[in-house]
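Colleague: Provided below are the primary sequence and the corresponding predicted coordinates.
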Amino acid sequence: MSTSVTITGTGTPIPDPDRAGPGALVRRGDVSLQFDAGRSTVQRLAGADLWIPDLTAVFLTHYHSDHVTGLADIVLTHWIMDREARGYPLPIIAPRGATSNYVETMLNGWDPDITVRAEHAGRTTKPAIDLIAFDVPDSLGEVWRRGDLVVSAGQVRHEPVEGAVGYRIDTPEGSIAITGDTKVCDEVLELAEGVDVLVYEAMRYEYFDDLPAYRHYVKEYHADTKEIGVQAAKLGVPTLILTHLIPAPVTDAERNLFIDDIRSGGYEGDVVVADDLHTTTLGDGS
């Protein structure tokens, strides 16, 4: 058995032909869990060789559009591709509040499409979800379990967004933490303590030095690469995967700027400046 994490999207709200919207796919055996669903997530899941109806559950970190615009696509595709018309609902796990409210209403407006597809194909089922909403915990807490795979959620700091969370996935092969969008904060220390892989959003604050002042507000709620390096060194996490990359690197020299920032904080583990579909595997797969 092995546990893997595939970065399904490394992008931001700014469209990039090579980077889908934010997301990560964690797989273990027949369990496939998608964390966030930015634009083009369905295409990236296809690129990861996942049959969409085999998706086990989707977890959302917060309600920002770049993290959820692909969710309705997942749900509709999950139904359209379900050739056996099993009609089972797709579990969607989300913090209670604006994020869970979005899930409840995201299929509004799709009724004509769903109805004509169902009637034309002679189908008796319609797209269905099982919304599992949870209160944002004061400290790390379990929100989902399948056998010996446990997913926990912990609050992160993405204000003025309310109710933003990160997720931790614990399996016998190892542990993975996914920060979602956040500042570098003590809450991430709790989320990622003792993990093998830390998936962290990453922004190079220095990039904004030459940009107009009105652009600088973005630094108020994202994680600076140099601060990430300090925190990752404190955690001693073996592998650090950077995603949600600002600015999106194109050349090797631009990638190395991210790595140099991380190293400046004292981190000595493996640093991955991720491209879409980068995969890290825990366990030997036996």
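Modeller: That came through, no problem.

Colleague: got the residue ranges for the helices in the chain?
Modeller: 41-47, 65-68, 71-80, 98-105, 111-121, 186-192, 225-235, 252-264 (DSSP state H).

Colleague: so which of the ones you listed is nearest V150?
Modeller: Between V150 and the helices of the chain, the tightest spacing by Cβ to Cβ is seen for helix 186-192, at 13.5 Å. The C-beta positions use only the backbone N, C-alpha and C, and glycine is treated the same way.

Colleague: could you pull out the buried residues of that closest one?
Modeller: Within helix 186-192, the residues that count as buried by 16 or more other Cβ atoms under 10 Å are E187, V188, E190, L191, A192.

Colleague: how about stretch 229-247?
Modeller: Using 16+ other Cβ under 10 Å as the burial criterion, the residues of stretch 229-247 that qualify are 229-233, 235, 237, 239-246.

Colleague: re the thing from before, now the helices of the chain in TSV, with mean pLDDT and distance to D148?
Modeller: Formatted as TSV, the helices of the chain follow (pLDDT from 0 to 100; distance: least, Cβ to Cβ, whole Å):
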stretch	mean pLDDT	distance to D148
helix 41-47	98	24
helix 65-68	96	28
helix 71-80	95	26
helix 98-105	97	27
helix 111-121	93	37
helix 186-192	97	20
helix 225-235	97	23
helix 252-264	97	32
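
Colleague: is it possible to get CSV of these that adds distance to D18?
Modeller: Formatted as CSV, the helices of the chain follow (distance: least, Cβ to Cβ, whole Å):
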stretch, distance to D18
helix 41-47, 11
helix 65-68, 16
helix 71-80, 19
helix 98-105, 27
helix 111-121, 30
helix 186-192, 27
helix 225-235, 20
helix 252-264, 13
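
Colleague: out of the ones you listed, which gets nearest to F134?
Modeller: Closest among these, once you apply Cβ to Cβ, is helix 98-105, at 8.5 Å.

Colleague: which residues does the closest one contact?
Modeller: Taking Cβ atoms under 8 Å, 6 or more residues apart in numbering as the criterion, the residues outside helix 98-105 that touch it are L60, H62, Y63, V68, L71, I92, A94, I129, L131, A133, E162, G163.

Colleague: between helix 71-80 and that helix, find me the angle.
Modeller: Angle between the axes of helix 98-105 and helix 71-80 is 40 degrees (criterion: axes from the mean of the first three to the mean of the last three Cα atoms, to 10 degrees).

Colleague: now do helix 98-105: distance to the chain's middle.
Modeller: Taking the mean C-alpha point of helix 98-105 and that of its whole chain, the gap between them comes to 17 Å (Cα atoms, centre = their mean, to the nearest Å).

Colleague: kindly report the same for stretch 194-213.
Modeller: Between the mean C-alpha location of stretch 194-213 and the chain-wide mean there is a distance of 16 Å, by Cα atoms, centre = their mean.

Colleague: between the two ends of it, what distance do you get?
Modeller: Start to finish, the residues bounding stretch 194-213 are 39 Å apart (Cα to Cα, to the nearest Å).

Colleague: give the buried residues for it.
Modeller: With burial defined by 16+ other Cβ under 10 Å, the residues of stretch 194-213 counted as buried are 195-205, 207-208.
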